[in-house]
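Chemist: Whatever this is, show me its structure:
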Amino acid sequence: MDASALLAQVARGEDSTRQFKADIHNAESLASEMAAFANSEGGTLFLGVADDGSVPGLSRADVSRINQLISNAASQLVRSPLTVHTENVVLENGNVVIVLTVPKGMDKPYFDKNGVIWLKTGSDKRRVNSKEELRRLFQISNQFHADELPTKAGIDKLDKLRFRDFLRDVYQQDYPESLEDLTRLLQNMNLATDAGKLNLAGVLMFAERPEWIVPQFVVKAIRYPGNAIHATDYIDTEDFAGPLRKIFDDAHAFIMRNLHKIQAGRGVNSPGQPEIPPGVFEELLVNALVHRDYLVSAAIRIFIFDDRIEIISPGHLPNNLTVEKIKAGNSNIRNPILVSYVAKGLLPYHGLGSGIKRALAEWPDIDFIDDNEGCLFKAIVRRKAVSTDTLVTDSPKKESVSPKMASMLSPDINAAIMDMIRQDSTVTSEIIAKSLNVSKRTILRRLEELKGQGVVRRIGPNKGGSWEVVE
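Modeler: You can find the predicted model right below:
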């Protein structure tokens, strides 16, 4: 680096990868800065540059003294020791700026002399105080994985039928007769702790009611009208809980029922094909369930809009993975226990690193966003505009649009409900939900809205009564 390149770097100011120090006398303070960079994404210390961006530089005597401080701090005051790189840049006034580069650490977390873990936050640094952050640092270095976390669930919370069927189908093994044998088997399968409690992987895959134990690890899905999130208005919504296989099946079914069906060259009486191949969402849902960050207490979210479907997973891409790398088939196992059992057929899993490539092969119009600040990963499947002439409706012989399509093409599903009531005043909420292909809960909410607006009313009891549209 020459002086002009140095000044260009200094002109960009301090941030999470650049730090200015006019001078330094305390090796322990320098060690904490090094540890913060190593625990983050790495960075550069410019020694001889003031906080205001002026560049006085260092004298030759200062350079010798500081180089000794750097050596001591990197080797003696940071655990594990760091290998850093220094470069001396000579200024026009004859003074020197030491450019100290600290690489991203490969053996995280790094501690200072006092056992404190530091992280970069913008141009400053802060202590790591929470257990969750500490676990994530160990997770990054593959010393710890979220799916092996112990839970408070005992072996009695196991879904015995589900686990029995898994043992029979995968291992051709009978279900243990005694609790002692069952506990030992679960421990040997890395599904239970030494203390006899199910770990997170065991709960997610084989507990009878995982949502009672870890209620945050569910999937929340919403179908919005139009192309933006609405505060109160939606067409369909549902939360999915249970073992991973049940969550996968239910979430996949939700997406498929909210897709258009197109004729695709078939006869008018054919059931039609989904506008986007189902395999695309199989791959993306498996990826979300298996590779999400289970140290983040948040649900996977599915948003369906007119022009796109978004699947949002807690946790950004781990370690050195980028969107370009996962498109090329690279991967990093965040939850190895889950991956090992999913590969045995628990979910439709076709091999490590191949899911994203397979989804793109079936439907190239998919965008991926790795949001480090928001700590999430988003897959956006773009929908193509579909002509109403090619759509398959429930009544293909009629020229009018079916109630389902009316709800999908109109921003308000209420009109479709009122049309069905006009046609049959005794129609039930179950029949309306099935006809419009939305959840019963959505229909009940909409009916209450219509009653509150005075446009429909209920005549007689809930069972045996009828509806009336107030014209």
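
Chemist: Ramachandran angles for residue 467?
Modeler: phi -110, psi 160 (degrees, to the nearest 10).

Chemist: With adjacent residues omitted, what lies nearest to it?
Modeler: residue 421 (4.5 Å; CB to CB, 6 or more residues apart in numbering). To be clear about C-beta, it is placed using only N, CA and C from the backbone, and glycine gets the same treatment.

Chemist: Please compute how far the one helix or strand the one you found maps to lies from its chain's middle.
Modeler: Under the criterion of DSSP states H and E, residue 421 resides in helix 414-423. Distance of helix 414-423 from its chain centroid, counting by CA atoms, centre = their mean, to the nearest Å, is 38 Å.

Chemist: Who are the packing partners of it?
Modeler: Counting contacts by 3 or more CB pairs under 8 Å, 6 or more residues apart in numbering; DSSP states H and E, helix 414-423 is packed against helix 403-409, helix 429-436, helix 440-453, strand 456-459, strand 466-469.

Chemist: Return the most buried member of those.
Modeler: Highest mean neighbour count of those: helix 403-409, a mean of 21 (counted as mean count of other CB atoms under 10 Å).

Chemist: For stretch 429-437, the averaged confidence score.
Modeler: Throughout stretch 429-437, pLDDT has a mean value of 79.

Chemist: Check the offset of it from the chain's centre.
Modeler: Worked out by CA atoms, centre = their mean, stretch 429-437 lies 32 Å from the chain centre.

Chemist: Repeat that for stretch 75-90.
Modeler: 35 Å.

Chemist: which residues touch it?
Modeler: 1-3, 6, 27-28, 30-31, 34-35, 38, 63, 67, 70, 74, 96-103, 105, 107, 110-113 (CB atoms under 8 Å, 6 or more residues apart in numbering).

Chemist: Please tell me how far the residue nearest to residue 467 sits from residue 465.
Modeler: 12 Å (CB to CB, to the nearest Å).

Chemist: So between these two, which is more surrounded?
Modeler: Legend: neighbour count by other CB atoms under 10 Å for residue 421 and residue 465, higher for residue 421 (20 against 12).

Chemist: pLDDT weak spots in the protein?
Modeler: 132, 139-143, 264-271, 351-353, 387-412 (pLDDT under 70).

Chemist: Could you rerun that using 80?
Modeler: For the chain, residues meeting the criterion pLDDT under 80 lie at 129-144, 231-232, 263-272, 319-320, 350-354, 386-415, 434-439, 441, 462-464, 471.

Chemist: Helices of the stretch 251-400 of the chain, start to end?
Modeler: 278-291, 323-327, 336-341, 355-362 (DSSP state H, counting those that start in this stretch).

Chemist: Kindly report the same for the stretch 1-150 of the chain.
Modeler: Here the stretch 1-150 of the chain has its helices, by DSSP H, counting those that start in this stretch, at 3-11, 27-39, 60-76, 131-140.

Chemist: Just give me the residue closest to the centre of the protein.
Modeler: residue 313 (1.6 Å; CA atoms, centre = their mean).

Chemist: Any idea what it is bridged to?
Modeler: Bridge pairing for residue 313 (DSSP bridges) gives the partners residue 377.

Chemist: Kindly report the same for residue 99.
Modeler: Beta-bridge partners, per DSSP bridges, of residue 99: residue 46, residue 87.

Chemist: Now do the contacts for it.
Modeler: 1, 6, 44-47, 86-89 are the contacts of residue 99 under CB under 8 Å, 6+ apart.

Chemist: Closest one of the residues you listed to residue 386?
Modeler: Ranked by distance to residue 386 (CB to CB), those are led by residue 44 at 51.7 Å.

Chemist: Of the contacts of stretch 75-90, keep whichever come out buried.
Modeler: Listed as buried from the contacts of stretch 75-90 are 6, 27, 30-31, 34-35, 38, 63, 70, 74, 96-100, 102, 105, 110-112; burial here means 16 or more other CB atoms under 10 Å.

Chemist: Adding distance to residue 173, write the helices and strands packed on helix 414-423 out as TSV.
Modeler: Shown next, in TSV, are these (distance: least, CB to CB, whole Å):
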stretch	distance to residue 173
helix 403-409	46
helix 429-436	41
helix 440-453	40
strand 456-459	56
strand 466-469	55
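
Chemist: So which of those is nearest residue 23?
Modeler: helix 440-453 (65.6 Å).

Chemist: what's that closest one packed up against?
Modeler: Using 3+ CB pairs under 8 Å, 6+ apart: helix 440-453 touches strand 236-240, helix 414-423, helix 429-436, strand 456-459.

Chemist: Redo these as CSV? Include distance to residue 444.
Modeler: Output for the helices and strands packed on helix 440-453, formatted as CSV (distance: least, CB to CB, whole Å):
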stretch, distance to residue 444
strand 236-240, 12
helix 414-423, 11
helix 429-436, 6
strand 456-459, 12
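
Chemist: Residue 69 against residue 27, yeah?
Modeler: Yes: using CB atoms under 8 Å, residue 69 makes contact with residue 27 at a distance of 4.8 Å.

Chemist: Let me see the ranges of the strands in the stretch 151-300 of the chain.
Modeler: 197-199, 219-223, 236-240, 261-262, 273-274, 300-304 (DSSP state E, counting those that start in this stretch).

Chemist: which neighbours does the second one have in its sheet, and in what orientation?
Modeler: If you go by DSSP bridges, strand 219-223 pairs up with strand 236-240 (antiparallel), strand 300-304 (parallel).
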